[in-house]
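Student: What follows is a predicted structure for the sequence shown.
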Amino acid sequence: MQLSELRLSENILVTGAAGFIGSYLCHRLLSLGYSVVGVDNINSYYDVSLKHERLCYLKGKPGFTFVMGDISNKELMLRLFAEQKFDRVIHLAAQAGVRYSIENPDAYISSNIVGFYDILESCRKYLVQHLVYASSSSVYGSNVKVPFEESDNVDHPVSLYAATKKSNELMAHTYSHLYKIPATGLRFFTVYGPMGRPDMAYFSFANQYFKGEPIRIFNNGDFDHDLYRDFTYIDDIIEGIVRLLPEAPSATEGVPHRVLNIGNNSPEKLMTFIFTLEKAFSNALGRKVEFEKIYEPIKPGDVPATYASIEKLQSLVGFKPQTPIEVGLQKFADWYVEYYKVK
């Protein structure tokens with residue numbers, strides 16, 4: 001089944017619509033002609049002006065409706081589902097960040113557990129054709145076998161954020177088993193790109209450089225045993241979600257629930273990523289850019305490597321992310337220079 005076979009009259013809910021992935025996804029779905037309702041509470045975890053900027057690109061577009069609200073408000077969610085009669089739901093709203101989950105655990109329980117429960121309850125009461133929800137590569141914890149496969153044991157998370165995402169997968173599986181809700185969990189691997197999240201390393205490195213501050217690299221300065229990350233460009237993530245949307249799992253094959261990795265399948269050393277980012281800004285500015293670097297111990301909750309096996313994704317939708325970091329980071333640097341007017 002191809003995306004073109006989805007009815008253009010379908011009404012799609014995207015939670016986290018003012019977020020990085022959510023805003024890109026809303027834009028793509030609207031460009032394809034679908035009706036989209038976006039929900040976001042625009043919290044202050046990072047600069048809200050960037051969230052408002054993302055929404056500016058969406059508001060006023062035909063077929064788009066924005067609702068400012070919190071997914072942990074069950075009454076709001078049930079009312080919205082009753083009024084809108086959504087065909088498909090893409091649930092991206094969550095309290096993000098591995099390190100922040102150590103500082104503010106309450107936010108993760110409220111959004112990632114209670115909020116997700118509200119989404120599941122709404123999908124149960126007003127049955128949808130497909131629930132696609134965000135999980136995370138963080139569920140793999142400190143697994144040493146690579147690449148990470150969906151069948152790997154993920155019972156030992158090393159952060160509360162990872163634990164909430166593992167909980168989401170279990171909750172979704174249970175609701176799929178009990179109520180036959182077709183659901184797909186997507187384990188995202190380090191998503192980056194223009195208009196991304198300022199709390200992510202590549203974005204914060206840029207901010208620190210242009211403030212004249214050193215960047216702090218949490219890898220012990222051990223280049224031979226550097227951290228590896230499967231950096232995945234935003235356009236590849238969106239393409240994967242859009243292709244998966246019509247491909248709901250079937251109850252005829254058992255419980256209509258599955259989890260899929262969506263990553264670049266090509267991990268890079270953190271230092272390689274940083275050197276590539278320096279080169280991208282050098283190109284964007286027409287001068288040499290070199291970050292002042294301070295090396296510190298690995299932070300609690302961080303994992304040594306992430307590396308996605310994407311055979312299941314590729315088999316299902318005939319697509320694999322493939323944007324190299326040289327291309328993706330150049331697009332980010334070009335956007336950053338223009339958006340923040342830096343020189």
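Tutor: Received the coordinates, thanks. Residues are numbered from 1 along each chain as shown.
Student: Point to the helix or strand of the chain where mean pLDDT is at its lowest.
Tutor: Lowest on mean pLDDT, DSSP states H and E among the helices and strands of the chain sits helix 100-103, with a mean of 86.
Student: And that one, what does it pack against?
Tutor: Applying 3 or more Cβ pairs under 8 Å, 6 or more residues apart in numbering; DSSP states H and E, one finds that helix 100-103 contacts helix 160-179. Every residue, glycine included, has its C-beta placed from N, CA and C.
Student: What mean pLDDT does the helix it packs on get?
Tutor: Averaged across helix 160-179, pLDDT comes to 97.
Student: buried stuff in that helix?
Tutor: 160-169, 171-173, 175-176 (16 or more other Cβ atoms under 10 Å).
Student: quick one: the residue nearest to R229 when sequence neighbours are not counted and S72, what's the gap?
Tutor: Distances taken as Cβ to Cβ, 6 or more residues apart in numbering place T190 nearest to R229, at 4.8 Å, with adjacent residues excluded. T190 is 26 Å from S72, where distance means Cβ to Cβ, to the nearest Å.
Student: And for G263?
Tutor: Distance, G263 to S72, using Cβ to Cβ: 29 Å.
Student: These two: which is more packed in?
Tutor: G263 (29 against 20; other Cβ atoms under 10 Å).
Student: Looks like that one contacts Y233 (just checking).
Tutor: No: using Cβ atoms under 8 Å as the test, G263 is too far from Y233 to be in contact (10.6 Å).
Student: can you list residues touching both of those two?
Tutor: Shared contacts of G263 and Y233 (Cβ atoms under 8 Å, 6 or more residues apart in numbering): P321.
Student: residue boundaries of the helices in the chain?
Tutor: With DSSP state H as the definition, the chain shows helices at residue ranges 20-31, 48-56, 74-84, 100-103, 105-108, 116-125, 160-179, 201-210, 234-244, 270-285, 311-317, 325-340.
Student: Switch these over to CSV; also include distance to S138.
Tutor: Shown next, in CSV, are the helices of the chain (distance: least, Cβ to Cβ, whole Å):
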stretch, distance to S138
helix 20-31, 15
helix 48-56, 22
helix 74-84, 25
helix 100-103, 9
helix 105-108, 12
helix 116-125, 15
helix 160-179, 4
helix 201-210, 14
helix 234-244, 16
helix 270-285, 16
helix 311-317, 18
helix 325-340, 20
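Student: quick one, what contacts L76?
Tutor: L76 sits next to G69, D70 when contact means Cβ under 8 Å, 6+ apart.
Student: what do you get if the cut-off is 7 Å, keeping everything else the same?
Tutor: By Cβ atoms under 7 Å, 6 or more residues apart in numbering, L76 lies in contact with G69.
Student: What residues sit buried inside the least confident helix or strand of the chain?
Tutor: Burial within helix 100-103, assessed by neighbour count using 16+ other Cβ under 10 Å, is assigned to Y100, S101.
Student: centre of the chain versus that helix, how much separation?
Tutor: Centre-to-centre, helix 100-103 and its host chain are 18 Å apart (Cα atoms, centre = their mean, to the nearest Å).
Student: what sits up against it?
Tutor: Under the criterion Cβ under 7 Å, 6+ apart, residues Y108, S159, L160, Y161, P300, G301 lie in contact with helix 100-103.
Student: Specify which member of these is nearest to Q84.
Tutor: Using Cβ to Cβ, Y108 comes nearest to Q84 of these, at 27.3 Å.
Student: Return the distance of the closest one relative to K74.
Tutor: According to Cβ to Cβ, Y108 stands 18 Å off from K74.
Student: Where does pLDDT dip in this protein?
Tutor: Within the chain, the stretches with pLDDT under 70 are 1-8.
Student: Do I have it right that R187 meets S138?
Tutor: No: between R187 and S138 there is no contact under Cβ atoms under 7 Å: 8.5 Å.
Student: Go ahead and confirm the residue nearest to R229 touches D230.
Tutor: Yes: using Cβ under 7 Å, T190 makes contact with D230 at a distance of 6.0 Å.
Student: Now list whatever residues contact both of these two.
Tutor: T306.
Student: residue contacts, the residue with the largest distance to the centre of the chain?
Tutor: Each residue of the chain has a distance to the centre, and by Cα atoms, centre = their mean the biggest one is for R287: 32.5 Å. R287 makes no contacts at all, as judged by Cβ under 7 Å, 6+ apart.
Student: Now do it against L55, distance only.
Tutor: Distance, R287 to L55, using Cβ to Cβ: 34 Å.
Student: now swap in V14 and tell me
Tutor: Relative to L55, V14 is positioned 12 Å away (Cβ to Cβ).
Student: Which one's more surrounded, these two?
Tutor: Using other Cβ under 10 Å, the more surrounded residue of V14 and L55 is V14, with 28 against 19.
Student: doesn't G22 make contact with the more buried one?
Tutor: Yes: using Cβ under 7 Å, V14 is in contact with G22, at 5.4 Å.
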